[in-house]
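Quick one, fold the following:
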Amino acid sequence: MEKIKVAIIGCGTIANSAHIKAYMANPNAEIKYFCDIIKERADKAVQDYGCGQAIEDYRVILDDPEVEAVSICTPNDGHAAIAIDCLRAGKNVLCEKPAARTYEEALEMQKVQHETGKVLNIGVVNRFNTGVNVVKNMIANGELGEVYHVYVSFRAHRSIPGLGGAFTTKAIAGGGVLIDWGVHYLDVVMYCTGDPQPKTVTGQAYCKLGKDMKDYTFTKMWAGPPNYSGTYDVDDFVTGLIRTEGPTISLNGAWAQNIGVSETYIDFLGDKAGIRLQYGSDFKLYSAKNGALLETTPTYNSTDMFQNEIDGFLNCIRTGEKLPSHIDTVILSSKIIQAIYDSSDQRKEISFE
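Prediction:
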């Protein structure tokens, strides 16, 4: 079988730390293009990985019939337009999370996917995480009983990324901590609980600690250094409550808060047992048996979730399998995130009933 020729659009951190390495490790893939509007990044990728051609304009890829698969690793403002162009050019697409800046953009991406029939998966990589799938299976098998509520915490002390840059500019990113971190946490909850339809959403997003950029104190900054002449108009704290056809979901998230403790976990509360999943790590099961309270830390052999994601993407191009990361499923997270932002702006509950 011929190798699937791949194009990487956006050669920044997520491309280099995850996508490129995973494609290189898959024997059925061959990277043909590295594309970045900053040509030096694409040139460096060619040099570092010893393959492919460096280009600045992704439209070169659209005109190349050899390219079957595209990874979109650009800032959020490029996701919808590039994905739609690639789908219409007959390419299969893996687009990094979030699907888009807004629910409306995500809906347009889904519409074009339906029109073209090509693959459109979103980079909700936790759906390919071993521990997350163990939790999902335990819930599906009834080991927690009825999961009636899920609590989500993604709170950090002073962790605003790239102050004044793309991450903190709403026109580029679509939002702050909710759309950047919250999308992963919400997606884990939706996946593990069977992707229940939302019924009502209420939330509040705050732009507080980062808005006076020169007064923002921090010890380190991912995607920095700060650009004090840039923009900060996104949320650094968010809270919300989602009622679904299944459990209720409550969340608190912070890029920055005046509490010096990071809390990054998800609590699944069932009437038979409960699970605390530490994000990106292991989990504990809390239950009762024979008059005793039990605390269990399961062990399992983990595989690399990014490799699983890329392998699954390439495989579904050939087989037609619809993965859990397909836009048809993942769009629920875009719907909920949009509703939280809308609820915050309108200061009222958003209902889908």
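
Now do the contacts for Asp77.
Asp77 makes contacts with 101, 171-174, as judged by CB atoms under 8 Å, 6 or more residues apart in numbering. No exception for glycine: its C-beta is placed from N, CA and C like everyone else's.

Specify the local secondary structure of it.
Each residue gets one of three states, and Asp77 gets helix by DSSP: H, G, I helix; E, B strand; the rest coil.

Now Ile242: phi and psi?
When quoted as degrees, to the nearest 10, the phi and psi of Ile242 stand at phi -120, psi 120.

Verify the stated contact: it with Ile337.
No - between Ile242 and Ile337 no contact is recorded; they are 10.3 Å apart, counting by CB atoms under 8 Å.

Can you show me the helices along the chain?
With DSSP state H as the definition, the chain shows helices at residue ranges 13-14, 20-25, 39-49, 59-62, 79-88, 103-116, 130-140, 170-173, 177, 183-192, 305-319, 327-346.

right, and those helices - which one's nearest Thr297?
With CB to CB as the measure, helix 130-140 is the member of these nearest Thr297 (11.1 Å).

Would you mind pulling up the elements that that closest one packs against?
Contacts defined by 3 or more CB pairs under 8 Å, 6 or more residues apart in numbering; DSSP states H and E place helix 130-140 against helix 183-192, strand 263-270, strand 273-278, strand 283-289.

pLDDT of that helix, averaged?
Mean pLDDT, helix 130-140: 98.

Kindly report the same for stretch 199-208.
Mean predicted confidence for stretch 199-208 is 98.

In CSV, list the C-alpha atoms belonging to it.
What follows is stretch 199-208 as a C-alpha-only set of coordinates in CSV (Å, rounded to 0.1, in the frame of the first residue of the first chain):
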residue,chain,number,x,y,z
LYS,A,199,-30.0,21.1,27.8
THR,A,200,-29.1,24.3,29.7
VAL,A,201,-25.9,26.2,30.2
THR,A,202,-25.0,29.0,32.6
GLY,A,203,-21.6,30.5,33.1
GLN,A,204,-19.5,33.6,33.8
ALA,A,205,-16.1,34.4,32.3
TYR,A,206,-13.8,36.9,33.9
CYS,A,207,-10.9,39.0,32.4
LYS,A,208,-9.2,40.1,35.6
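
tell me which residues in that stretch are buried?
Of the residues in stretch 199-208, 200-203, 205-206 count as buried by neighbour count, 16 or more other CB atoms under 10 Å.

now do stretch 36-52
36, 41-42, 44-46, 49, 52.

Let's have those in a markdown table, adding distance to Gly164 and pLDDT.
As requested, the buried residues of stretch 36-52 are exported to a markdown table (distance: CB to CB, whole Å; pLDDT from 0 to 100):
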| residue | distance to Gly164 | pLDDT |
| --- | --- | --- |
| Asp36 | 21 | 98 |
| Arg41 | 20 | 97 |
| Ala42 | 25 | 98 |
| Lys44 | 24 | 98 |
| Ala45 | 26 | 98 |
| Val46 | 30 | 98 |
| Tyr49 | 31 | 98 |
| Gly52 | 32 | 97 |
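
Farthest pair within those residues?
The farthest-apart pair in the buried residues of stretch 36-52, when distances are taken by CB to CB, is Asp36 and Tyr49, at 13.5 Å.

for the stretch 1-150 of the chain, which spans come out with low pLDDT?
For the stretch 1-150 of the chain, not a single residue meets the criterion pLDDT under 70.

try it again with 90
For the stretch 1-150 of the chain, the stretches flagged by pLDDT under 90 are 1.

Report the contact partners of Val46.
Applying CB under 8 Å, 6+ apart, the residues near Val46 are 34, 52-54.

Which ones among those residues lie within strands?
With strands taken from DSSP state E, the overlap with the contacts of Val46 comprises 34, 53-54.

Buried members of the residues you listed into ChimeraX, please.
A single ChimeraX command selects the buried members of these (16+ other CB under 10 Å):
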select :34,54
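
would a markdown table of the ones in strands among the contacts of Val46 with distance to Leu144 be doable?
Putting these into a markdown table (distance: CB to CB, whole Å) gives the following:
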| residue | distance to Leu144 |
| --- | --- |
| Phe34 | 45 |
| Gln53 | 50 |
| Ala54 | 50 |
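
Out of the ones in strands among the contacts of Val46, which comes closest to Ser351?
Ser351 has its nearest neighbour among the ones in strands among the contacts of Val46 in Phe34, at 45.4 Å by CB to CB.

Thr130: which of the ones in strands among the contacts of Val46 is nearest?
Looking across these and measuring by CB to CB, the closest to Thr130 is Phe34, at 29.7 Å.
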